[in-house]
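S.K.: Fold the following, please.
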Amino acid sequence: MSVKGKYHNIHQALIDRCRKGDSRAQFDIYRFYFKAMYNTSLRIVSNPMDAEDVMQESFFKAFDKISTYRNEVSFGAWLKQIVVNSSLDFLKKKRLNTTSIDQLFDLKDNDPMDEKDFEPESVDEVRNAIAMLPEGYRLIVNLVLVEGYSHEEAAQMLNISPSTSRSQLSRAKQKLSNILTLTVNA
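M.R.: Residues are numbered from 1 along each chain as shown. Next up, the predicted model:
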């Protein structure tokens with residue numbers, strides 16, 4: 001941070017060129033960020049093709065609205081927020097007229113928590129277990145634990161209360177523990 005509260009961005013020259021509509025600069029920004037943004041979207045939408053579509057749409061939105069980027073956070077953080085919001089919007093549109101996001105958070109998990117110890121062998125096992133969670137739980141785990149948003153931020157994105165976010169994360173952790181225990185002991 002500088003004295004004026006502006007973020008010093010290592011890609012500032014590229015960002016300035018993007019503001020002028022320079023397609024080469026846009027491509028360079030895309031190449032630098034596309035993997036991280038794709039992975040962010042994939043953790044939320046859980047489908048590789050949908051994640052790619054959401055990521056592409058997010059880059060279009062970012063380049064269209066790049067004039068609104070004020071250097072208050074890193075460009076990557078600003079872009080990631082666009083990707084998260086676009087991913088959540090995608091899920092909402094996908095479920096339109098079938099279920100509301102509020103219903104996702106009313107899921108009941110009556111399975112008692114298995115107290116057995118487990119040692120997941122790899123990050124991939126944990127990722128796979130997260131992917132097996134019901135959608136509402138998976139969203140909270142990804143937003144709070146993986147992406148690092150606070151409960152207040154996640155709650156605002158999902159239009160739920162922070163206490164609902166906390167309770168859903170607690171239930172998600174229990175469910176995740178059960179999945180990992182079954183996977184490791186299988």
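S.K.: going forward, measure contacts between C-alpha atoms and count neighbours the same way
M.R.: Fine.
S.K.: Would you list the phi and psi of Ser46?
M.R.: Main-chain torsions, Ser46, degrees, to the nearest 10: phi 60, psi 20.
S.K.: Who are the contact partners of it?
M.R.: Applying C-alpha atoms under 8 Å, 6 or more residues apart in numbering, we find Ser46 in contact with Ala131.
S.K.: Could you rerun that using 10 Å?
M.R.: Listed by C-alpha atoms under 10 Å, 6 or more residues apart in numbering, the contact set of Ser46 reads Asn39, Thr40, Ser87, Ile130, Ala131, Met132, Glu135, Arg138, Leu139.
S.K.: Tell me which residues of the helix or strand hosting the fifth one come out buried.
M.R.: Element membership of Ala131 [criterion: DSSP states H and E] is helix 123-132. Using 16 or more other C-alpha atoms under 10 Å as the test for burial, helix 123-132 gives Val126, Ala129, Ile130, Ala131.
S.K.: and which of those residues is nearest Ala154?
M.R.: Minimum distance to Ala154 across these is 17.0 Å, recorded for Ile130 (C-alpha to C-alpha).
S.K.: Which residue comes closest to the closest one once chain neighbours are left out?
M.R.: Distance criterion C-alpha to C-alpha, 6 or more residues apart in numbering; nearest residue to Ile130, sequence neighbours excluded, is Arg138 at 6.1 Å.
S.K.: for the helix or strand hosting Ala36, packing partners?
M.R.: In the assignment (DSSP H and E), Ala36 maps to helix 23-45. Secondary structure elements in contact with helix 23-45, counted by 3 or more C-alpha pairs under 10 Å, 6 or more residues apart in numbering; DSSP states H and E, are helix 12-19, helix 48-64, helix 75-94, helix 123-132, helix 135-140.
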